[in-house]
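Q: Sharing a model that was predicted from the sequence below.
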Amino acid sequence: MIRRSVYCSAGLLLLGTLAMPVNAEGNAVEFKSITPKAKGRSAGPESAAPNYNDNAAQLDSLTPVTKSFDGWKRSFRETLIAEGINPEIFDTTLAGAEPDDVVLKLDSRQPEFSLAIWEYLDRAISQKRIARGRTELFKHRKLLRTLKGQYGVDGEYMIAIWALESDFGRNFGNFSVIRSLATLAYEGKRADFAGKQLIAALQILETGQIKPEQMIGSWAGAMGQPQFIPGTYQRYAVDQDNDGVSDIWGSHDDIFASIANFLQSSGWQAGQPWGLEVRLPKSFPWKLNPLNYEMSVKRWESLGVYSASGEPFADKTLSGKLFLPAGAKGPVFLVFENFEVIKRYNLSNSYVLAVSLLAESISHGKVLTASWPRSDVPLSRSQKEELQTLLLDSGYDVGEVDGIIGPNTRQALRAWQLKHEFIADGYVTVPLLELMREQENVSAN
Ligand SMILES: [Ca+2]
């Protein structure tokens, strides 16, 4: 399973006061500012800070730092009874079980180094995977056509998500979901969230559709070939082949229908592109901090943004925002609503770009026209923390200093770049960090 920790912590962007930009005709251009939407749903538990409301249960008993696992089991059992859940499956499945050390180890990972986006994409979108994706698209064409009719989602997106989540169903984890979630609810970093998912998992088992031993998935409780966490399964899993079981472990009908249902329910816009590669003009008005805004293709065009392929934009009324995963030097994208919809599956921008580019590569072999700045070295976690501290010390709101470059840090960075007359692309390299260190030392002395 490929995932990258570029999590977007929800929070308000610092908008500040902004002059209204003008277009080529000198008319004021109306910008719609981007306010990050609350991301309450994500299929995978690794995706984001949870805001899961599937179970309104107040799980006060889930702060068991000093409790033994058996003590935790006893108190969780009480919670289950209070929730109206028969504790029998919980008791039997966890009889004699200890917390899973592997799960805890994986949960406490804080990697110092992360992949550059181009390295991640190289792995996620290999030629071999594109070829396999085309084979699968062809093999399942009839089913995918039916599902497109039902859900409006193109087959290549279902295939691309399936490929990234479980390598076309070949690797979806072999952890017991109940034991993993119990371990995480007992002493994981997000015990409360895991407890809610455990309740959802037990509710699923109570229906009798799935046996506990069949309920396997990732260490974090993401289940089956589409890697749905239990709460997501409850809401979106589909029994497409009508055999009485929403079998996301073994039935292609159910797997693809569940993915399509999730996307449609998350707001998928049938027939619309996820986005497209664009180029920025030399005269691009960086001073207006345009990465803060979402507006129509027509308005982006009025700022000189053009399609990288040279083909004219198909629909100029679509509303989009710019996405520069490797800054102004790398490929630039204009992304639309469906990009945000895929993000509900996994909040990582890199993941969403991988799904989008893989889907396109499978359907028509499209490749990027711009190249990635492959000689850049991504910042380490401690360098990211240093960046956040430097910004914070200079009066920029980065939110928490957590070594994660989310929307707040990026926005603060762009404000810093503007002040120091750099291109405000929110992209940070080691040389820029060094410059910032010097600048801030100068101003401190
Ligand atoms: Ca079924």
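A: Noted; the coordinates are in hand.
Q: quick one: buried residues of the helix or strand harbouring residue 71?
A: Here residue 71 sits within helix 69-82, counting by DSSP states H and E. For helix 69-82, burial by neighbour count (16 or more other Cβ atoms under 10 Å) applies to 69, 72-73, 76-77, 79-80. C-betas here are computed from N, CA, C, even on glycine.
Q: swap in stretch 244-261?
A: Buried residues in stretch 244-261 (16+ other Cβ under 10 Å): 245-249, 251-261.
Q: if we look at the ion, which of these are close to it?
A: Within the set of those, contact with the ion (Cβ under 5 Å from the ion) is found for 245, 247, 251, 254.
Q: Show the contacting residues for the nearest residue to the first one once chain neighbours are set aside.
A: To tie it back to what came earlier, the one meant is residue 245. Leaving aside its chain neighbours, residue 245 sits nearest to residue 209 (4.5 Å; criterion: Cβ to Cβ, 6 or more residues apart in numbering). Listed by Cβ atoms under 8 Å, 6 or more residues apart in numbering, the contact set of residue 209 reads 244-246.
Q: Select from the buried residues of stretch 244-261 every entry located in strands.
A: Within the buried residues of stretch 244-261, no residue falls in strands by DSSP state E.
Q: List the ones among those residues that fall in helices.
A: Among the buried residues of stretch 244-261, the members found in helices (DSSP state H) are 252-261.
Q: So, low pLDDT: which residues of the stretch 1-150 of the chain?
A: Counting by pLDDT under 70, the ranges of the stretch 1-150 of the chain that qualify are 1-66.
Q: So which residues on it come close to the ion?
A: So the stretch 1-150 of the chain never meets the ion (Cβ under 5 Å from the ion).
Q: The stretch 1-150 of the chain: strands as residue ranges?
A: 32-33 (DSSP state E, counting those that start in this stretch).
Q: Distance of the closest residue to the ion within it relative to residue 129?
A: Among the residues of the stretch 1-150 of the chain, residue 143 lies closest to the ion, at 12.6 Å counting by Cβ to the ion. Per Cβ to Cβ, to the nearest Å, residue 143 is found 20 Å from residue 129.
Q: Contact residues of the stretch 201-350 of the chain facing the ion?
A: Residues of the stretch 201-350 of the chain lying near the ion (Cβ under 5 Å from the ion): 239, 241, 243, 245, 247, 251, 254.
Q: wait, what's in contact with the last one?
A: Contact criterion Cβ under 8 Å, 6+ apart gives 237-241, 245-248 as the residues in contact with residue 254.
Q: Just confirm residue 156 is within a helix.
A: Yes - using DSSP: H, G, I helix; E, B strand; the rest coil, the secondary structure at residue 156 is a helix.
Q: For it, give me its contacts.
A: 133, 137, 359-360, 362-363.
Q: Just put those in CSV and tack on neighbour count.
A: Output for the contacts of residue 156, formatted as CSV (neighbours: other Cβ atoms under 10 Å):
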residue, neighbour count
133, 22
137, 19
359, 25
360, 23
362, 25
363, 17
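Q: I am finished for the moment; much appreciated.
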